[in-house]
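J.: attaching a predicted model along with its sequence, questions to come.
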Amino acid sequence: MQINNILQWVGALFIITGHLLNALAVDGWNIVAFFIGTIAFLTWTIRVLNKPQMVVNIVAIATCSAGMYRAFVA
């Protein structure tokens, strides 16, 4: 289905962006990019019922949330 491909590509592009920002030491925004990419991949995993990847994405979202809090609030 088309939406599944779009979700995977959006996720991939944001994860790649997160890695690029990480390499450039753009702290805070790298975590935002990872978070958006992970949300896209989580949405895809829910649609296709890929439970192991779903668990990975839920843990990644929790980790990114803690990182964004530290980067932007604390």
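T.: Nice, I can see it.

J.: quick one, what contacts the residue nearest to Trp44 when sequence neighbours are not counted?
T.: Once flanking residues are discounted, Trp44 sits nearest to Leu7: 4.0 Å by C-beta to C-beta, 6 or more residues apart in numbering. Just so you know, the C-beta spots here come from the backbone N, C-alpha and C atoms, and that holds for glycine as well. Applying C-beta atoms under 8 Å, 6 or more residues apart in numbering to Leu7 gives the contacts Ala40, Phe41, Thr43, Trp44, Arg47.

J.: mind telling me what element Leu7 is part of?
T.: Using DSSP states H and E, Leu7 falls within helix 2-23.

J.: just the CA atoms of that helix, as CSV, please.
T.: Provided in CSV are the C-alpha atoms of helix 2-23 (Å, rounded to 0.1, in the frame of the first residue of the first chain):
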residue,chain,number,x,y,z
GLN,A,2,1.2,3.5,-0.8
ILE,A,3,0.9,5.0,2.6
ASN,A,4,3.1,2.3,4.1
ASN,A,5,5.9,3.2,1.7
ILE,A,6,5.5,6.9,2.4
LEU,A,7,5.7,6.3,6.2
GLN,A,8,8.8,4.2,5.8
TRP,A,9,10.6,6.8,3.6
VAL,A,10,9.6,9.6,5.9
GLY,A,11,10.9,7.7,8.8
ALA,A,12,14.2,6.8,6.9
LEU,A,13,14.7,10.5,5.9
PHE,A,14,14.2,11.8,9.4
ILE,A,15,16.5,9.1,10.9
ILE,A,16,19.2,9.9,8.4
THR,A,17,18.7,13.6,9.2
GLY,A,18,19.1,12.8,12.9
HIS,A,19,22.4,11.1,12.2
LEU,A,20,23.6,14.0,10.1
LEU,A,21,22.7,16.5,12.8
ASN,A,22,24.4,14.2,15.4
ALA,A,23,27.6,14.2,13.3
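
J.: following it, which helix or strand comes up?
T.: helix 29-48.

J.: tilt between that next one and helix 2-23?
T.: For helix 29-48 against helix 2-23, the angle by axes from the mean of the first three to the mean of the last three C-alpha atoms, to 10 degrees is 160 degrees.

J.: only C-alpha atoms, please: export helix 29-48 in CSV.
T.: Output of helix 29-48 as CSV, limited to C-alpha atoms (Å, rounded to 0.1, in the frame of the first residue of the first chain):
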residue,chain,number,x,y,z
TRP,A,29,17.4,19.1,16.9
ASN,A,30,19.1,15.8,16.2
ILE,A,31,16.7,14.3,18.8
VAL,A,32,13.7,16.0,17.3
ALA,A,33,14.6,14.5,13.9
PHE,A,34,15.0,11.0,15.4
PHE,A,35,11.7,11.5,17.2
ILE,A,36,9.8,12.4,14.0
GLY,A,37,11.4,9.5,12.2
THR,A,38,10.5,7.1,15.0
ILE,A,39,6.9,8.3,15.0
ALA,A,40,6.6,7.6,11.3
PHE,A,41,8.1,4.1,11.8
LEU,A,42,5.9,3.4,14.7
THR,A,43,2.8,4.3,12.7
TRP,A,44,4.0,1.9,10.0
THR,A,45,4.6,-0.9,12.5
ILE,A,46,1.1,-0.5,13.8
ARG,A,47,-0.3,-0.6,10.3
VAL,A,48,1.6,-3.8,9.4
